[in-house]
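J.: Make a model of this:
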Amino acid sequence: MEVTPQLRQSGYAPRNALNADQLKRAIAERSKARGDAPEVGKWLLNHFYRHLVGNFEPARPILTLEQAVEALGAEPPPWVARHLGDAGKQSQQAPLVWIDPQQAPLLAEEALLVEFLTSRQGTALAGKLDRINCPQALALWHKEHAQMAARVEQGWRQSQPEALLTRVTTAEHVLQELRPESPLLRAEMAFESYVMRHCLGQFADRRALTGGYGERYAEAVEQRRMRVLSFRDGQGQPHITISLIVQADGTLTVEQVKGKQNRPPVERYYQDLLQCLNALGTDQQTPADCIAIGIVRTDAGWLRIEEVSDPTAQTRLVARYPQLYERLEAPSAMVEWLVAGRQPQQFLQAGPQAVSVKYATRHIVSKRAERQLNDPLYQTEGVPWPDMTPAEGEEIQAWQARAR
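T.: Predicted coordinates for the structure are as follows:
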């Protein structure tokens, strides 16, 4: 399922990553959680990591020690000071950058690379993955998907009701599951791909419906490791494709939620989409696709980010997905303390509302252009903290202890 590769060149540019260990750890943890084949995990830790450090955009440039402290939220290791200390030599050194290992573009690019690498298993290329660097893999993926788009224009398959099972019915739409036991499963996957213009049902042999990207998804569905659902209108036309990973204990994790041509689903479908997701009984994971359109999984179910108002739910959400803080309409003081303790640089974009947090982060908040210079908050040490109850203070301390 398509995303535009962040490709700068055919190799890896000379850059240093301020948070190299964090990047490697995040790649390894996600690979282990997905159950990637050993050669895929090894390739990601080699080539994908080097691509992130050298080529990935957006990457935050680190030009001063102060910026390094803000990015890390702590004092950087000694080598950073040495790297930045001699201004006269900086022009000859590799640039220093900080890369958010959980940002949506990075996760999307990693997902398509895993898709590319997995599709090579069982082929002559499987034993030669180390010879393909990340820019080459991205270029091959992009080329193949362009070829798929051209081939799909040459064929058509009729949807088969026998291959579908109705899971949810809304006022205007129906969520249909592609039945894993149906002999028409692969043909229905091909129809879904034809209409939606993505690779779910793109088989190398379009007559036999075998091989290629479609083989990977078809086998996963047939073996009950994945469930695929199609969000369709009253005329049976697909508008959203949803894939669920079936965990070992039977729980369901939402993997992808794609609109046509792998774009985000159209906003007018969001309310019905929420109804469908809530009916599926998924676990607490929220994929990047849903975060991108402002939908998240909470204890209360799937909600728009703006609808998450419970302080505890907000805190759990931001603890898991820090980038969502800026999208909360009314973040609680507890959430702002969590951000202050873990990623205070986020206040450069959206300052805290709680007076206590404003005071505690005044060295960051003061950098925002909208700061009121005559605000007594910045002029006195006698600032009251009306937002913080003893109970909230104890809970914040507990969150900080767990974060360590």
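J.: center of this structure - which residue?
T.: A centroid search over the chain (CA atoms, centre = their mean) returns Ala288, at 3.0 Å, as the residue closest to the centre.
J.: Might one say that it is in contact with Glu109?
T.: No: taking contact to mean CB atoms under 8 Å, the distance of 10.2 Å between Ala288 and Glu109 leaves them out of contact. The way it works is simple: take the backbone N, C-alpha and C, and place the C-beta from them, glycine included.
J.: quick one, what contacts His47?
T.: Taking CB atoms under 8 Å, 6 or more residues apart in numbering as the definition of contact, the neighbours of His47 are 130, 132-134, 137.
J.: Which of those residues sits closest to Arg342?
T.: Cys134 (29.3 Å; CB to CB).
J.: so what pLDDT did the closest one get?
T.: Cys134 is assigned a predicted lDDT (pLDDT) of 93.
J.: That one: neighbour count?
T.: Cys134 has 25 neighbours, counted by other CB atoms under 10 Å.
J.: List of residues touching stretch 223-231?
T.: So stretch 223-231 is in contact with 164, 167, 173-178, 180, 189, 192, 200, 217, 220-221, 238-246, 252, 255, 265, 269, 272-273, 276, 280, going by CB under 8 Å, 6+ apart.
J.: rerun that using 7 Å as the cut-off
T.: Residues outside stretch 223-231 that contact it (CB atoms under 7 Å, 6 or more residues apart in numbering): 167, 173, 175-178, 180, 192, 200, 217, 220-221, 238-246, 269, 273, 276.
J.: Tell me which of these fall in strands.
T.: Members of those lying in strands (criterion: DSSP state E): 167, 173, 175-178, 238-246.
J.: Glu215: what's it in contact with?
T.: For Glu215, the contact set (CB under 7 Å, 6+ apart) comprises Phe203.
J.: could you say which helix or strand contains it?
T.: Secondary-structure assignment from DSSP states H and E places Glu215 in helix 212-222.
J.: Which of the residues in that helix are classified as buried?
T.: Neighbour-count burial for helix 212-222 flags 212-218, 220-221 (criterion: 16 or more other CB atoms under 10 Å).
J.: what about the helices in the stretch 301-404 of the chain?
T.: 311-320, 333-342, 355-360, 362-365, 390-403 (DSSP state H, counting those that start in this stretch).
J.: okay, among the buried residues of helix 212-222, which ones form the most distant pair?
T.: The largest separation in these, counting by CB to CB, is between Gly212 and Val221 at 15.0 Å.
J.: Which parts of the chain are strands?
T.: Remark: strands of the chain, listed N- to C-terminal, are 16-17, 60-61, 96-98, 164-169, 173-178, 226-233, 238-246, 252-258, 295-298, 301-304; assignment by DSSP E.
J.: can I get these in JSON lines with distance to Thr312?
T.: Converted to JSON lines, those look like this (distance: least, CB to CB, whole Å):
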{"stretch": "strand 16-17", "distance to Thr312": "34"}
{"stretch": "strand 60-61", "distance to Thr312": "31"}
{"stretch": "strand 96-98", "distance to Thr312": "30"}
{"stretch": "strand 164-169", "distance to Thr312": "28"}
{"stretch": "strand 173-178", "distance to Thr312": "30"}
{"stretch": "strand 226-233", "distance to Thr312": "30"}
{"stretch": "strand 238-246", "distance to Thr312": "27"}
{"stretch": "strand 252-258", "distance to Thr312": "22"}
{"stretch": "strand 295-298", "distance to Thr312": "10"}
{"stretch": "strand 301-304", "distance to Thr312": "14"}
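J.: other SSEs contacting the longest helix anywhere in the chain?
T.: In the chain, ranked by residue count with DSSP state H as the criterion, the top helix is helix 134-152. Contacts defined by 3 or more CB pairs under 7 Å, 6 or more residues apart in numbering; DSSP states H and E place helix 134-152 against helix 49-54, helix 104-119.
J.: Around the nearest residue to Arg304 once chain neighbours are set aside, how many other residues sit close by?
T.: When the adjacent residues along the chain are set aside, Arg304 lies closest to Gly294, with 5.5 Å between them (CB to CB, 6 or more residues apart in numbering). Residues near Gly294, counting by other CB under 10 Å, number 16.
J.: Same check on Arg316?
T.: The local packing of Arg316 (other CB under 10 Å) involves 18 other residues.
J.: Could you report the pLDDT at Pro322?
T.: 79.
J.: For it, list the residues it contacts.
T.: Taking CB under 7 Å, 6+ apart as the criterion, Pro322 is in contact with 342-343.
J.: again, only this time at 8 Å
T.: For Pro322, the residues meeting the contact criterion (CB under 8 Å, 6+ apart) are 102, 339, 342-343, 346.
J.: try Ala300
T.: Applying CB under 8 Å, 6+ apart as the definition, the contact partners of Ala300 turn out to be 310, 313.
J.: related to what we said a few turns ago, okay, the contacts of His47 in CSV with distance to Arg15 next?
T.: Listed next are the contacts of His47 as CSV, based on distance: CB to CB, whole Å:
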residue, distance to Arg15
Asp130, 22
Ile132, 21
Asn133, 15
Cys134, 14
Ala137, 19
